[in-house]
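Q: with the sequence up front, the predicted model follows.
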Amino acid sequence: MAPTPAADLVERLTAAGQTVAVAESLTGGLVAAALTDVAGASVVVRGGVLAYTTDLKAQLLGVDEVLLAQVGSVDADVAEQMASGVRSLMGATYGLATTGVAGPDLVDGKPVGTVYVAVVGPGCSRVKALSLSGDRAGIRAHSVHAVLALLAEELRAQDRKETPGIAG
């Protein structure tokens, strides 16, 4: 049986001596759960923050309050700041973040399925915008997959940078 994306990430982070922390909104802890379902995750998972409300994004993760007032909590820059904030707060190599609208109602005028996932690490900051369809559970599950895939992409990019002669 092939390893899950989370198991692959735990293995890769462990081998590299790196760690991860998560800041979650719409996923409500599902990213942390996916990672900690993997045996050995305690070596790499530093912790997480479930900041479901806008005020906690600012108070706990250091997301700029002016930005939140201007664009709301569902925004690429908010996702990036959440990832950066949790990385700093937890002292992790990488910070991951999810923010978006799982439904059934609009949030800050943004339609259901609008999601941003982010990874911030040493010398990197990536944000991916998603426009998802489906029910609440499906949107949340896809968001978990997307943020783990974004970290996997970043780890592959780091591997290419560190391996001379490998074209990326």
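A: Perfect, I can see it now.
Q: what mean pLDDT does the host helix or strand of Gln158 have?
A: Gln158 belongs to helix 136-162 when assigned by DSSP states H and E. Averaging pLDDT along helix 136-162 gives 95.
Q: list the buried residues of it.
A: 139-148, 150-152, 154-155, 158 (16 or more other C-beta atoms under 10 Å). Glycine gets a C-beta too; all of them are placed from N, C-alpha and C.
Q: what of stretch 49-63?
A: For stretch 49-63, the neighbour count (16+ other C-beta under 10 Å) marks 49-51, 54, 56-58, 60-61, 63 as buried.
Q: out of those residues, who's nearest Ala102?
A: Lowest distance from Ala102 to these (C-beta to C-beta) belongs to Leu50, with 13.8 Å.
Q: if I look at that closest one, how far off is Ala32?
A: Per C-beta to C-beta, to the nearest Å, Leu50 is found 8 Å from Ala32.
Q: likewise Val38?
A: When distance is defined by C-beta to C-beta, Val38 is 11 Å away from Ala32.
Q: thinking again about what came up before, ok, so of the buried residues of stretch 49-63, who is nearest Pro104?
A: Closest to Pro104 out of these is Thr54 (19.0 Å), distances taken as C-beta to C-beta.
Q: just checking, that closest one touches Gln70?
A: No - assessed by C-beta atoms under 8 Å, Thr54 is found out of contact with Gln70, at 11.9 Å.
Q: can you map out the helices along this structure?
A: Under the criterion DSSP state H, the chain carries helices at the ranges 5-16, 30-36, 54-61, 65-71, 76-90, 136-162.
Q: list the helices and strands the first one packs on?
A: For helix 5-16, the contact count by 3 or more C-beta pairs under 8 Å, 6 or more residues apart in numbering; DSSP states H and E identifies helix 30-36, helix 136-162 as packing neighbours.
Q: pLDDT below threshold where in the chain?
A: Flagging of the chain using pLDDT under 70 yields the residue ranges 1-2, 163-168.
Q: between the buried residues of stretch 49-63, which sits nearest Leu106?
A: For those, the minimum distance to Leu106 (C-beta to C-beta) is 14.6 Å, reached by Thr54.
Q: quick one on the thing from earlier: neighbour count: Val38 and Ala32, which is higher?
A: Applying other C-beta atoms under 10 Å to Val38 and Ala32 shows that Ala32 carries more neighbours, namely 23 against 19.
Q: pretty sure that one is touching Val22, no?
A: Yes - using C-beta under 8 Å, Ala32 and Val22 qualify as a contacting pair, with a distance of 5.0 Å.
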